[in-house]
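Enquirer: Got a predicted model here, sequence first, then my questions.
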Amino acid sequence: MKPASRLNALKPYLFATLAKRIEEQRAKGIDIIALASGDPDLATCPLVVNAAIEALRNPKNHTYPTNRGKAAFLNAAADFMAARFGVSLDPVYEIFPVLGGKEAVHHLGFALLGEGDYCLYTEPGYPIYESAIHLAGAAGHALPLLESNAFLPDLDNIPSEVLARARVLYLNYPNNPTGAVATREFFAKVVDFARRNDLIVIHDNAYSEITFDGYIAPSFLESPGAADVGVEIFSLSKGWNMTGWRIGFIAGNRDVISALKHLKPNIDAGPFGAIQDAAIAALTVGWRFPREMSRVYQERRDVIIPVLRNIGLHVNEPVASLFLWGRIMADISSADLANRIFEEAGVVISPGCSFGASGEGYVRVALTAPIERLTEAARRLQRLTL
């Protein structure tokens with residue numbers, strides 16, 4: 001069998017490769033501490049679980065869901081955006097349910113990009129942005145995120161021939177993998193940039209609810225005119241420990257939402273009704289839960305950072321996200337360092353090169369393990385010298 005040629009452009013997905021390698025080592029009886037994936041290790045918010053159990057008993061949830069989403073879910077999403085970010089949205093025309101952020105990234109690509117188009121995306125970044133661009137038949141243009149520019153993209157030096165054909169800009173703040181945050185001033189600049197260049201902005205807001213040291217992450221949609229030029233993807237995966245539930249929503253530009261309403265019925269049904277009911281609980285009675293999780297991750301952050309610094313990584317304390325982004329001070333590639341840590345310490349971290357060329361020279365460490373496992377990882381890492 002010969003698969004479709006479009007698959008040739010897709011790189012092996014890092015975390016699927018790592019999962020296989022971890023399984024092989026654990027099958028040999030080797031204790032592996034996995035700090036690579038941003039998959040929360042703690043249980044989903046109990047209020048959400050209880051709401052889901054009750055919703056499962058409702059026969060109305062046993063039929064095909066609509067792509068448009070339940071009115072109660074759309075209203076809850078709109079109310080949350082208003083209460084959390086001060087953003088006023090029409091739940092019918094400016095909110096659309098999705099099966100998690102990854103699905104949203106891909107289907108927005110299908111809806112907005114075509115052959116001959118360019119898509120701008122930040123790099124290092126979530127690898128899914130690049131794969132979504134390729135699968136949509138478009139060309140990608142990476143905007144390097146450099147430490148010298150606080151890991152924000154330089155919007156002023158994009159080649160004119162690229163900008164002339166660019167239709168979409170993918171952004172993600174708080175950022176994966178760097179942990180960097182964006183200011184409201186930066187988002188205002190993005191709105192102006194998009195308006196002047198007829199671009200659609202897709203802001204992946206997956207990490208806004210995990211913040212530290214009193215920091216409160218903004219929404220792109222808070223910027224005046226943002227809904228005129230783009231949308232924001234809001235996922236419940238990280239803040240409420242719901243990665244397996246596959247639920248979130250897209251908010252903002254009416255034309256983009258309309259395009260998704262045209263596309264999605266040709267691909268799948270909407271989120272399972274009981275999951276939407278559970279998400280309603282998360283966005284209403286469970287809205288404080290991410291603050292509890294943030295305290296947990298902040299404690300973990302403060303345990304592991306000194307150790308990473310001691311072994312030769314330059315790590316700033318992030319004020320958001322699940323990740324630490326460490327610059328390698330020694331003369332070793334990110335892949336070789338990650339492999340060495342795996343082999344010698346039984347600890348799995350992500351090489352920066354797996355997030356794009358600009359990630360070389362860095363590694364990413366996820367705070368997705370209990371304190372006792374992080375303490376054990378620290379003990380093992382302290383034996384290493386770079």
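Expert: Right, received. Where do you want to start?
Enquirer: which stretches of the chain form strands?
Expert: 33-34, 95-98, 118-123, 139-144, 166-171, 200-205, 230-235, 248-252, 313-315, 323-328, 347-348, 350-351, 362-366 (DSSP state E).
Enquirer: Between the ones you listed, which one is closest to residue 275.
Expert: strand 95-98 (9.4 Å; CB to CB). Placement of C-beta: from N, CA and C, glycine included.
Enquirer: so what does that closest one touch, helix or strand wise?
Expert: helix 71-85, strand 248-252, helix 254-263 (3 or more CB pairs under 8 Å, 6 or more residues apart in numbering; DSSP states H and E).
Enquirer: again, 6 Å this time
Expert: helix 71-85, strand 248-252 (3 or more CB pairs under 6 Å, 6 or more residues apart in numbering; DSSP states H and E).
Enquirer: now the longest one, how far from the chain's geometric center?
Expert: It stands for helix 71-85. Between the centre of helix 71-85 and the centre of its chain there are 20 Å (CA atoms, centre = their mean, to the nearest Å).
Enquirer: longest helix in this protein, by residue count?
Expert: For the chain, the longest helix by residue count, based on DSSP state H, is helix 289-310.
Enquirer: So what touches that one?
Expert: 45, 209-212, 239-240, 315, 326, 367, 374, 378, 381 (CB atoms under 6 Å, 6 or more residues apart in numbering).
Enquirer: If we use 8 Å, what do you get?
Expert: For helix 289-310, the surrounding residues in contact (CB atoms under 8 Å, 6 or more residues apart in numbering) are 40, 42, 45, 47-48, 209-213, 239-241, 282, 315, 317-318, 322, 324, 326, 365, 367, 369, 371, 374-375, 377-378, 381-382.
Enquirer: Now which of those would you call buried?
Expert: Using 16 or more other CB atoms under 10 Å as the burial test, those include 40, 45, 47-48, 209-212, 239-241, 282, 315, 318, 322, 324, 326, 365, 367, 369, 374, 377-378, 381 as buried.
Enquirer: In helices, which of those appear?
Expert: 47-48, 282, 374, 377-378, 381.
Enquirer: any chance of those residues in a markdown table, plus distance to residue 94 and pLDDT?
Expert: Below are these laid out as a markdown table (distance: CB to CB, whole Å; pLDDT from 0 to 100):
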| residue | distance to residue 94 | pLDDT |
| --- | --- | --- |
| 47 | 26 | 98 |
| 48 | 24 | 98 |
| 282 | 20 | 98 |
| 374 | 41 | 95 |
| 377 | 43 | 95 |
| 378 | 46 | 91 |
| 381 | 47 | 92 |
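Enquirer: Dump the residues you listed to a markdown table, plus distance to residue 292.
Expert: As requested, those are exported to a markdown table (distance: CB to CB, whole Å):
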| residue | distance to residue 292 |
| --- | --- |
| 47 | 12 |
| 48 | 13 |
| 282 | 13 |
| 374 | 18 |
| 377 | 23 |
| 378 | 24 |
| 381 | 28 |
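Enquirer: Quick one: the helices in the stretch 1-150 of the chain, in order.
Expert: Applying DSSP state H, counting those that start in this stretch to the stretch 1-150 of the chain gives helices spanning 14-27, 46-56, 71-85, 101-112, 127-135.
Enquirer: so which of those helices gets nearest residue 187?
Expert: It is, among those and with distance given as CB to CB, helix 71-85, at 11.4 Å.
Enquirer: Provide the contact partners of the closest one at residue level.
Expert: Under CB under 8 Å, 6+ apart, the answer for helix 71-85 is 68, 87-92, 94-95, 97, 218-219, 221-222, 234, 249, 251, 276-277, 279-280, 283-284, 287.
Enquirer: Could you rerun that using 7 Å?
Expert: Identification of contacts with helix 71-85 by CB atoms under 7 Å, 6 or more residues apart in numbering yields 87-89, 91-92, 95, 97, 218-219, 221-222, 249, 251, 276, 279-280, 283-284, 287.
Enquirer: swap in stretch 116-129?
Expert: 11, 13-14, 102, 105, 113, 130, 133, 138-145, 153, 158, 162, 165-172, 176-178, 352, 355-356, 358-359.
Enquirer: Likewise for stretch 174-185?
Expert: Contacts to stretch 174-185, defined as CB under 7 Å, 6+ apart, come from residues 38, 124, 126, 145, 150-152, 173, 207-208, 217-218, 222-223, 318-321, 323-325, 355, 359, 364.
Enquirer: List buried residues within these.
Expert: 38, 124, 126, 145, 151-152, 173, 207-208, 217-218, 223, 318-321, 323-325, 355, 359, 364.
Enquirer: roughly how far apart are the nearest residue to residue 360 once chain neighbours are set aside and residue 37?
Expert: The shortest distance from residue 360 to any non-neighbouring residue, by CB to CB, 6 or more residues apart in numbering, is to residue 353 (4.7 Å). According to CB to CB, to the nearest Å, residue 353 and residue 37 sit 17 Å apart.
Enquirer: Over to residue 224?
Expert: Residue 224 is 37 Å from residue 37, by CB to CB.
Enquirer: Comparing the two, which shows the higher neighbour count?
Expert: residue 37 (18 against 10; other CB atoms under 10 Å).
Enquirer: okay, the more buried one: pLDDT?
Expert: According to the prediction, residue 37 has pLDDT 90.
Enquirer: Verify the contact between it and residue 365 for me.
Expert: No - contact criterion CB atoms under 7 Å: residue 37 and residue 365 do not qualify, at 11.1 Å.
Enquirer: quick one: least confident helix or strand in the protein?
Expert: helix 14-27 (a mean of 76; mean pLDDT, DSSP states H and E).
Enquirer: what's in contact with that helix?
Expert: Counting by CB under 7 Å, 6+ apart, 32, 34, 36-37, 127, 348, 350, 354 sit against helix 14-27.
Enquirer: okay, among these, which ones form the most distant pair?
Expert: The widest separation within the contacts of helix 14-27 (CB to CB) is 22.2 Å, between 32 and 127.
Enquirer: Enumerate the positions of stretch 226-237 that are buried.
Expert: Neighbour count says stretch 226-237 has 226-227, 229-237 buried, by 16+ other CB under 10 Å.
Enquirer: Check stretch 167-186 too.
Expert: 167-182, 186.
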